[in-house]
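# Next one to model:
(2 chains)
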Amino acid sequence: MKTSLIRCFVAASCFAFAAPALAQPVNITKKAVKVGGITPGDTPGFPVTITTPGSYRLSGDLVAPAGSHGIVILSDDVTIDLNGFSISGPAAPQASTRGVFAAAGQRRITVLNGRVSNFGYGILLTGPHSHIQRIVATGNVQDGIYAGYQGIVLDCTSMNNGKGISMVQGGVIRGNTVADNQEQGVWVVGSSLVVGNSVRNNGSAGLQLDPLSGYADNVLTGNNSGGAQVIGGKQLGANVCGAGPCVP
Amino acid sequence: MPHHRLPAIAARGALVLLILAGAAADALAQKVITQASALNGNVTPGDLPGFPVTISQPGTFVLGSDLVLADANTMGIEIFGRNVTLDLGGFSIKGPGGVGTGTGIRSTFAAADVAGATVIRNGTVSGVGSNGIDLDGTGSRIDRITVANTGGDGIVVGPASIVTNSRAANNNGTGILAWEGSLVENNVAASNGRGIVVDSGSTVLSNTAVDNRFEGFMVHGSGWGKNVASNNNGGNGNPQFVGAGIALSGANLCGGVICP
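The predicted structure follows:
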C-alpha cells in the first residue's frame, strides 16, 4: 500500500512538473492591484491601469476607494474577463467615477462575466467596437452600461442605476434585463438595434431611440410611471408594452 | 508525528498532485498557442517555425498571447484539419495594416464541401493584409469575433456556417460574407466595402450595417428580418440593400424607413 502510494506520488509529481509553462491571460489580483505594475505605468492601488493590449482576468473581487475608478483602459484590443467576480465602489458613489473606463480613442474593448457596482458609470466604453456580455451593473449613479458606436451589449443585467444601457450609433443591444433605473431603461442615439430585452419599472421611457434605430421582441412594463413605454425608433417586429402590443 | 498517520498524509499529497496533474492534462488537451510557440514551430506535426502557425490535427487550440505578424503578406494561422476549435482567448492576431496576401486565419481543404466544422471565437483579428478570417469547407462557426482594418474582407465562411455576436469594421472588402445556407445573426458591420453579403438559402437576422461604402446588405434568395442599415452606399438617399431578400418575422430598417 505504502509503496504504491509513493509510486503514485512520484509519478504524479513528474507529470505535474512536466507540464509546460503556458502564457495565459494576465491575472488581476488584489495583491497585484496593491503593488501596481499590472501593465507598464500602472501605479500601486486604484485605478488599475491597463496600457497594453491583451487578455486580462480577475481572480477576486476588487473594491475601489471613494473617488477612484476601478479599471482604466489606455490601449486598444483589451479583453477583461471579470471571471464571475465584482468591481465595486463605495456605498455612496461619486458621479465622476467609473467601474471600467476606456476613453474614445480606445477601440475593440471587451468586458465579460461579472458585476460592476456603485460607481458613476458602471462600464463606460466610449470608443468603437466594444463588446459587453454577461455583466451585472447595479447601483451606479449615471449609466449602468455605456457602449460607444458599433458596440454589442448582450445578456447583461442593468438595475438601479441612472440609465440602464446607453449606446451610440450602429450597435446591437440584445437579450438584456433592464429594470428599476431612475431614467431611461435603454437609450440609443443613431442606427442601432434593440431586440429581445426585458425592460421594466424604469423612471423614464423603457426605450428611447433615435429615428434611425429599430426595436423588436422587447417586453416593456411599468416604465415611465405608466406613460409611454417607447419613445422614438421604428418597430421592426412585435413588442409588448404593458398588457398588450406596443403601438408604433 | 505518529507513524500511523504517514500513509494518510502521503495519500493526501498524492491526491493533490493528481489533481494538479489532471489540470495539467487539461491544459495539454487544449493546446496553447503563443507568439513564442508560433516562432518555435511544431504546434502540430509539420508546423514550421514562424508564421503561419499550421494546425493539421483536430482539437481545441487557444491563444495564450497576441500574435503579431511582421508584414501584410504574412498569414497568421492556417488550418488544414477538420473539427478544429480555435479560441482566441480574448487575444488578437495583428498585422501592421496595408494590403497584402496575408490572411489572419484561414482554413483550407483539398476538396469542396468538406465538413470542416471549424470554430473561431472570442478575440480580434486586425490589420492583416488580406481577409481577416477565411474559412473553407462547410459548417464553420464564428462567435464573438472582431475583425478590423484588414486589406481584404472581414469574415468569410463557407456554406452552412453560423456567424454570431461579431463585428467587422473598417475592412477594405466586405464585412461579413457567408455562402449558401448560413445563419448570420446579431452582428455589426461598419465602414467596410459592403456590410453583410450572403448567398442563397441563408438567414440574416438582427444585424446592423452602417457607414459601409456600398450597400449595407446584399441578400440573395435568403430570409432576413430585424436588421438595421443606415448611412451606407453614400447616404440614406441611396439603396441600403441589394438582392432578393424574403422577409422573415420582423421588418428591416433602411435609413429610418421600413424596407422589404
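# quick one: the helices in the chain?
I'll assume chain A. A:2-18, A:30-35 (DSSP state H).
# that's the other chain; I wanted chain B
Under DSSP H, chain B gives helices at B:6-29, B:35-40.
# Tell me if the shortest one is near chain A.
I take that to be helix B:35-40. Yes: using Cβ under 8 Å from any Cβ of the partner chain, helix B:35-40 comes into contact with chain A via B:Ala36. Where C-beta positions appear, they are placed from N, C-alpha and C, glycine not excepted.
# Pull the distance from that helix to the chain's centre.
21 Å (Cα atoms, centre = their mean, to the nearest Å).
# got the contact list for B:Thr103?
B:Met75, B:Gly76, B:Glu78, B:Val128, B:Ser130, B:Asn131, B:Gly132, B:Ile133, B:Asp134, B:Gly152 (Cβ atoms under 8 Å, 6 or more residues apart in numbering or on different chains).
# mind showing which ranges of the chain have poor pLDDT?
In the absence of a named chain, this looks at chain A. Low-confidence regions of chain A, defined by pLDDT under 70, span residues A:1-23.
# looking at chain B here, not the other one
Checking chain B against pLDDT under 70 turns up B:1-29, B:111-113.
# how does it divide into domains?
B:1-30, B:31-259 (automatic domain parsing).
# Could you identify which of those is most buried?
Using mean count of other Cβ atoms under 10 Å in any protein chain shown, the stretch among the domains of chain B with the largest mean neighbour count is domain B:31-259, at a mean of 22.
# Compute the first-to-last residue distance for it.
47 Å (Cα to Cα, to the nearest Å).
# and that domain, how far from the chain's centre?
5 Å.
# mind checking how far the residue in the stretch 1-150 of chain B positioned nearest to chain A is from A:Val100?
As assessed by Cβ to the nearest Cβ, chain A sits closest to B:Gly90 within the stretch 1-150 of chain B, at 2.9 Å. For B:Gly90, the distance to A:Val100 equals 14 Å [Cβ to Cβ, to the nearest Å].
# Distance check, the closest residue to B:Gly104 other than its chain neighbours against B:Ala36.
The shortest distance from B:Gly104 to any non-neighbouring residue, by Cβ to Cβ, 6 or more residues apart in numbering or on different chains, is to B:Val125 (3.7 Å). Separation of B:Val125 from B:Ala36 (Cβ to Cβ) stands at 20 Å.
# Check B:Asn187 too.
From B:Asn187 to B:Ala36 the distance is 33 Å (Cβ to Cβ).
# now swap in A:Val178 and tell me
44 Å.
# just to revisit the earlier point, distance check, the residue of the stretch 1-150 of chain B closest to chain A against B:Thr146.
11 Å.
# what do you get for B:Phe241?
The separation that B:Phe241 has from B:Thr146, given Cβ to Cβ, amounts to 23 Å.
# How about B:Met75?
If you go by Cβ to Cβ, the gap between B:Met75 and B:Thr146 works out to 19 Å.
# My guess is B:Phe214 contacts B:Asn233. True?
Yes: under the criterion of Cβ atoms under 8 Å, B:Phe214 makes contact with B:Asn233 at 5.5 Å.
# so B:Gly175 makes contact with B:Ile196?
Yes: assessed by Cβ under 8 Å, B:Gly175 is found in contact with B:Ile196 at 6.1 Å.
# Mutual contacts of these two, please.
B:Ala189, B:Ala209.
# Which positions in the stretch 101-250 of chain B make contact with chain A?
Counting by Cβ under 8 Å from any Cβ, the stretch 101-250 of chain B sits next to chain A at B:122-124, B:126, B:144, B:146, B:148, B:165, B:167, B:169, B:186-188, B:190, B:206-208, B:210-211, B:225-228, B:230-231, B:236, B:249-250.
# circling back to that earlier point, okay, and the common contacts of B:Gly90 and B:Thr146?
With Cβ under 8 Å, 6+ apart, B:Gly90 and B:Thr146 have common neighbours B:Gly123.
# contact partners of stretch A:26-45?
Contacts of stretch A:26-45 (Cβ under 8 Å, 6+ apart): A:46, A:48-52, A:54-60, A:62, A:65, A:68, A:71, A:74-75, A:80.
# how does it look with 10 Å?
A:46-65, A:68, A:70-75, A:78, A:80-83, A:85, A:87 (Cβ atoms under 10 Å, 6 or more residues apart in numbering or on different chains).
# what's the span of it, first residue to last?
17 Å.
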